[in-house]
Each structure stands twice: as C-alpha cells, then as structure tokens.
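[1] have a look; sequence and predicted model below, questions after that.
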Amino acid sequence: MYFDPREDARPEPLSHNPFNALVAPRPIAWVTSIDSESRINLAPFSFYNAISSDPPYVMFALGPKDKAGTPKDTLANVRQVPEFVISVASWELRKAVNQTSKAYSADINEFERAGLTQVASQQVKPPRVGEAKAALECRVSQIIELPGKSDSRNRHMVIGEVVGIFIDDEVIENGMVVAGRLHQLSRLGYFEYDQVEDTFTMPRPEG
Ligand SMILES: Cc1cc2nc3c(=O)[nH]c(=O)nc-3n(C[C@H](O)[C@H](O)[C@H](O)COP(=O)(O)O)c2cc1C
C-alpha cells in the first residue's frame, strides 16, 4: 500500500496509525524537569535521540497535553527552568517507566508515585532516577515548535546539551559500556516495546 498521511493517517486496511511502528525501535528519554517552584516532574518520551556525540546533544519531542493545546508539564517546566535529566530506561524499570507516563497534576511527584529514588544531579537542578544505570544532565539549547494539524496541536522539540554524564561502574567493562548490562528499553509501534539483549559487532568497511 501507499498513502499520503496528510490526507489520512490510517487508510484501509490499517486499524491504527502505523508511523511509530515504522520508525522503531526508539530509545526512551525518561525526563526529569522542575518548575520555578522546584516541583519535580518525571515522564517518558520516545520521540528521543542523540543528535551529536562530541559535544553531546540530545532531543526529545512532545505533543500537547489535551485538545486545547495545554503544554505537558515537562515542556512547561523546561521553559521555566531550562534544564533536564534523562535517565536511561531499562527492562528492569519498565513498569516504573510506564507508571510515570500517567497524566498526574503538576503538584504530584512521579518519583513518589512510582517508588523511585531521587538522586541529586551535579550540574543541573532536576534529580536523576537513582535506580537507572546511566543518566544525562542537560541544559536546554533550543525549543523548536513544529506545526501540527491545528495551532493547538503543535509539537515541540527540546534540544539539550549534555553537561554531565552518570554511568554505573557495573555496566562498564574494558573501558566500554556493555549494552547487555544496560538493558535499554525501547518503544516500537502501538503498545509494543523491545529491550537490548543480543548485539553483534560489525566494523566499518575498509578503504
Ligand atoms: C514509553 C512511552 C513513551 C512516550 N513518548 C512520548 C513522546 O515521545 N511524546 C509525548 O508527547 N508523549 C509521550 N508519552 C506520553 C507522556 O509520557 C505522557 O503524556 C506524560 O503524562 C507526560 O508527562 P508530563 O505532563 O508530566 O510532562 C510516552 C509515554 C510512554 C509510556
């Protein structure tokens, strides 16, 4: 089949929008942010990736909270305090990751709801998830607005420069991060997820 998603996002025989299943797996940014009153927020975002390694930059993107176009707490927070922390979402923490995606009000701390430990960051105010095996402390570099199907449905891409990196010593061997110990969780389409278990190595072609 072939279709133009601007006309119809899921024409027959599709029962659901297939787009996320075609750009998969996507890593999950488990984002901690705080507002100007120092209220802490934690939420997962799978429109996430690295965009440069040296200097390291990451991006994640958000849709609106509701049909009126209210910004999600994470976007409202990074506009107030332009910092965030991305904790690595892993297989072991999958239920907590999911739990923190609930639309709690801004005065609810998702760390408490999901039984997670807040660990202070070194260079930014939002804490990392203590149970996560790695975390990236970030300063907001740019927030880019992307047109949606209507003004209230605009998307926002948050770009951050990574200014601090935490790695649990247990996942490092011979000077490298062992993917099978990090067990990164990723999002596929629909409600499907994957996790990194097996890897293979393929050096760059010579010449
Ligand atoms: C695994 C997973 C990935 C998600 N990815 C996104 C995403 O990329 N963009 C988005 O807007 N919402 C995403 N969500 C939904 C948000 O986590 C959810 O709207 C959350 O309540 C936002 O929290 P906040 O209002 O505290 O910022 C995802 C949810 C889950 C469970």
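    Received, thanks. Remember, it's a predicted structure, so these values are computed and weren't measured experimentally. Numbering: from 1, shown residues only.

[2] next secondary structure element downstream of the helix or strand hosting residue 161?
    Per DSSP states H and E, residue 161 falls inside strand 155-167. Downstream of strand 155-167, the first helix or strand assigned by DSSP H and E is strand 172-173.

[3] distance from the chain centre to that following strand, please.
    Distance of strand 172-173 from its chain centroid, counting by CA atoms, centre = their mean, to the nearest Å, is 24 Å.

[4] any regions of this protein where pLDDT drops low?
    Low-confidence segments of the chain (pLDDT under 70): none present.

[5] show me which residues of this structure sit near the ligand.
    Applying CB under 6 Å from any ligand atom, we find that the chain lies next to the ligand at 28, 41, 43-47, 61-63, 65, 72-74, 98, 101, 103, 187. From N, CA and C alone the C-beta is placed, and that goes for glycine too.

[6] show me what contacts the residue nearest to the spatial centre of the chain?
    Residue closest to the mean C-alpha point of the chain, counted by CA atoms, centre = their mean, is residue 29 at 1.8 Å. Contact analysis of residue 29 by CB atoms under 8 Å, 6 or more residues apart in numbering lists 44, 45, 46, 48, 58, 60, 86, 89.

[7] any idea how far the fourth one lies from residue 36?
    Here the distance between residue 48 and residue 36 works out to 25 Å (CB to CB, to the nearest Å).
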